[in-house]
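[1] No sequence on hand, only this structure:
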């Protein structure tokens, strides 16, 4: 989305923020758009992004902790399954790797605050975009902002910052169960955000 909207002239009135910007950083009364995705899917995407050092769009070298961690847990499934490993040391090693991957370690509350706070900003939300319906939601956003119809999302791997097909994304039932427990707090916010999304879309119909 940054690639698509960053090409627009300033007159369109869209302000783009970086990954560290929180909802609380945006003044009350300003219109806000953000995207959410299922926390388990975010884990897989964040893991694989750091596994490939941010390539092809960006590049950030591994720290020694990451180098050792990825050698031990080379796939998102192996890391997720280790969260319930009977061996205490292996569980701690898994937790250490998670703590050193920003998009895996950082809870959704960093960006959105509490469920109560998110709901208190409902009137400021122009749209809550859902990764599972991203293309559709982008078209809704274009209509809401009156953007040129030729505004398009990038389709190449670098522009879309997408995971290349050779990276593992499959998760076992045990891995999914571990992650849902790990991200229980995120799921409460995720579901609240989707509820707000439905209200916004209902108003625009």
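    That came in fine, so what should we check first? Keep in mind it's a predicted model, so treat the numbers as computed, not measured.

[2] element containing residue 140, please.
    helix 134-145 (DSSP states H and E).

[3] For residue 165, the count of nearby residues, please.
    Neighbour count for residue 165, taken as other CB atoms under 10 Å: 7. (Glycine included, C-beta is placed from N, CA and C.)

[4] quick check, it in a strand?
    No. Applying DSSP: H, G, I helix; E, B strand; the rest coil, one finds residue 165 to be coil, outside a strand.

[5] which other helices and strands contact the helix holding residue 140?
    Applying 3 or more CB pairs under 8 Å, 6 or more residues apart in numbering; DSSP states H and E, we find helix 134-145 packed against strand 32-36, strand 125-130, helix 184-204.

[6] other SSEs contacting the second one?
    Spelled out, that is strand 125-130. On the basis of 3+ CB pairs under 8 Å, 6+ apart, strand 125-130 makes packing contacts with strand 32-36, helix 134-145, helix 184-204.

[7] Of the ones you listed, which is nearest residue 18?
    For the helices and strands packed on strand 125-130, the distance to residue 18 is smallest for strand 32-36, at 12.6 Å, taking CB to CB.

[8] who touches the nearest residue to residue 171 once chain neighbours are set aside in this structure?
    Of all residues beyond its chain neighbours, the one nearest residue 171 is residue 77 (5.2 Å), with distances taken as CB to CB, 6 or more residues apart in numbering. Residues in contact with residue 77 (CB atoms under 8 Å, 6 or more residues apart in numbering) are 168, 170-172, 175.

[9] try 6 Å this time
    171-172, 175 (CB atoms under 6 Å, 6 or more residues apart in numbering).

[10] How much space separates residue 137 from residue 176?
    From residue 137 over to residue 176 the distance is 25 Å, taken as CB to CB, to the nearest Å.

[11] residues contacting residue 117?
    Contact analysis of residue 117 by CB under 6 Å, 6+ apart lists nothing.

[12] confidence score at it?
    Note on residue 117: pLDDT of 98.

[13] May I have the phi/psi pair for it?
    phi -70, psi -40 (degrees, to the nearest 10).

[14] Would you confirm that residue 177 belongs to a helix?
    Yes. Assessed by three-state DSSP, residue 177 belongs to a helix.

[15] distance between the ends of stretch 119-136?
    Chord length of stretch 119-136, first to last residue, is 23 Å (CA to CA, to the nearest Å).
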